[in-house]
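Asker: model the structure of this input:
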Amino acid sequence: MVIVLNDDHNTFDHVAHTLSSVIPGVSLDRGYRYAEKIHSSGQAAVWTGPREPAELYWEQLKDAGLTMAPLEQH
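Answerer: Presented below is the predicted three-dimensional model:
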């Protein structure tokens, strides 16, 4: 499970665009919905699936500046 945490330095635009460019199947509109959830509840699970792709997405999101929770297994 890939979880993005709220922070004080990323904008809604950056979070939405990053999620839509990294996570397969996430549109820009859905990226904005995730950004709103991250902002309002402090975090959002943006992808759930096998560990190998989860590690790749986690690393790409972190490299883009998003604040990430440790990878979780579900």
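Asker: can I assume His14 is in contact with Gly65?
Answerer: Yes - the criterion here is C-beta atoms under 8 Å, and His14 meets it with Gly65 at 7.1 Å. For glycine as for every other residue, the C-beta is placed from the backbone atoms N, C-alpha and C.
Asker: which of these two has more neighbours?
Answerer: Of the pair His14 and Gly65, His14 is the one with more neighbours under other C-beta atoms under 10 Å, namely 15 against 12.
Asker: per-residue pLDDT, that one?
Answerer: If you check His14, the pLDDT there is 98.
Asker: now the host helix or strand of it: buried residues?
Answerer: Using DSSP states H and E, His14 falls within helix 12-22. Of the residues in helix 12-22, Val15, Ala16, His17, Thr18, Leu19, Ser20, Val22 count as buried by neighbour count, 16 or more other C-beta atoms under 10 Å.
Asker: and what of stretch 41-54?
Answerer: Ala44, Val46, Trp47, Ala54.
Asker: next: stretch 63-74.
Answerer: The neighbour-count check on stretch 63-74 (16+ other C-beta under 10 Å) flags Leu66, Thr67, Met68 as buried.
Asker: these into CSV, with extra columns for pLDDT and secondary structure?
Answerer: Compiled in CSV, those are given as follows (pLDDT from 0 to 100; DSSP: H, G, I helix; E, B strand; the rest coil):
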residue, pLDDT, secondary structure
Leu66, 98, coil
Thr67, 98, strand
Met68, 98, strand
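Asker: hmm, back to that, format the buried residues of helix 12-22 as TSV; extra columns: distance to Asp7.
Answerer: Formatted as TSV, the buried residues of helix 12-22 follow (distance: C-beta to C-beta, whole Å):
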residue	distance to Asp7
Val15	9
Ala16	15
His17	16
Thr18	13
Leu19	14
Ser20	19
Val22	17
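Asker: which single one of those is nearest to Tyr32?
Answerer: For the buried residues of helix 12-22, the minimum distance to Tyr32 (C-beta to C-beta) is 4.4 Å, reached by Ala16.
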